[in-house]
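Undergrad: structure here, sequence nowhere to be found:
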């Protein structure tokens, strides 16, 4: 099977007499998965460093070191020039938009501000053409008006993980929902048992020592997920999780 077509699905019986609970996002349409994609970690399990700021979105971590494997590929969403590598890494970056109809992210991924919005001038790290091209639902205790940049509309919602997923599914036009992070948001949705599949790229030659940690070991998730690990020549180990 081609990796570009790979979409693990939760195990469900072929026939059942049970009716889905419309109030439980886990019982929603099986065609709408919640997926974590191209989530980058250091070898010691950190997805971001300590001390995030406007000048340092990843805190003391060097985002170029974490993303070098992806930025080198032909299908990296931020690529502006032709070329780039093909192969295993490129399969994963190419999958970034595959069947994605909406994204959920935490406020820390959207920007460095905390507390009530002092103004609405900040529109994210991505400039006038964000790489999402779908509705994006930003989790925050301080909602603000929605706005659109290019073909991406940002909505700001104060919601539980289950409520946020139901809202994102409704806005995804029948497609899957991507859980974009950051680390605390991914952990929150994992703790709520809402994640269906997850791709985590561990950069073997980067250690951060402190910051936002996803895991001490990927084995922590094996009670709920199957796991396969594939090494790339770029020095990244791709961890592929799908629900048991």
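TA: Good, I have the coordinates. Treat the numbers as computed from the prediction; the structure is a model and nothing was measured. Residues are numbered from 1 along each chain as shown.
Undergrad: going by C-alpha atoms from here, please, whenever you check contacts or count neighbours.
TA: Fine.
Undergrad: any idea how far the most centrally placed residue in the chain is from residue 52?
TA: Most central residue of the chain, judged by C-alpha distance to the mean C-alpha position with CA atoms, centre = their mean, is residue 180 at 2.6 Å. In this view, residue 180 and residue 52 are 17 Å apart by CA to CA, to the nearest Å.
Undergrad: ok, residue 225 next?
TA: Note on residue 225: its distance to residue 52, by CA to CA, is 31 Å.
Undergrad: cool, and residue 233?
TA: Taken as CA to CA, the span from residue 233 to residue 52 is 31 Å.
Undergrad: hang on, the earlier thing: surely the residue nearest to the centre of the chain is in a strand?
TA: Yes - counting by DSSP: H, G, I helix; E, B strand; the rest coil, one finds residue 180 located in a strand.
Undergrad: quick check, distance from whichever helix in the chain runs longest to the centre of its chain.
TA: If you go by DSSP state H, the chain has its longest helix at helix 161-171. Offset of helix 161-171 from its chain centre (CA atoms, centre = their mean, to the nearest Å): 15 Å.
Undergrad: do the same with stretch 198-207
TA: Relative to where its chain is centred, stretch 198-207 has its mean C-alpha point 14 Å off (CA atoms, centre = their mean).
Undergrad: then stretch 201-208?
TA: Worked out by CA atoms, centre = their mean, stretch 201-208 lies 18 Å from the chain centre.
Undergrad: buried residues, it. List them.
TA: Buried residues in stretch 201-208, counted by 16 or more other CA atoms under 10 Å: 201-204, 206-208.
Undergrad: quick one: end-to-end length of it, please.
TA: Using CA to CA, the two ends of stretch 201-208 sit 15 Å apart.
Undergrad: neighbour count: residue 233 and residue 52, which is higher?
TA: Between residue 233 and residue 52, residue 52 has the larger neighbour count (other CA atoms under 10 Å), namely 18 against 10.
Undergrad: coming back round to it: which residue is the nearest non-sequential neighbour of the residue nearest to the centre of the chain?
TA: Leaving aside its sequence neighbours, residue 180 sits nearest to residue 105 (CA to CA, 6 or more residues apart in numbering; 5.1 Å).
Undergrad: SS state for the one you found?
TA: Here residue 105 is strand, with the state taken from three-state DSSP.
Undergrad: what sits against it?
TA: 136-139, 179-182, 185 (CA atoms under 8 Å, 6 or more residues apart in numbering).
Undergrad: adding pLDDT and distance to residue 241, write those out as JSON lines.
TA: Shown next, in JSON lines, are those (pLDDT from 0 to 100; distance: CA to CA, whole Å):
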{"residue": "136", "pLDDT": "98", "distance to residue 241": "23"}
{"residue": "137", "pLDDT": "98", "distance to residue 241": "24"}
{"residue": "138", "pLDDT": "98", "distance to residue 241": "24"}
{"residue": "139", "pLDDT": "98", "distance to residue 241": "24"}
{"residue": "179", "pLDDT": "98", "distance to residue 241": "14"}
{"residue": "180", "pLDDT": "97", "distance to residue 241": "16"}
{"residue": "181", "pLDDT": "93", "distance to residue 241": "16"}
{"residue": "182", "pLDDT": "94", "distance to residue 241": "18"}
{"residue": "185", "pLDDT": "97", "distance to residue 241": "17"}
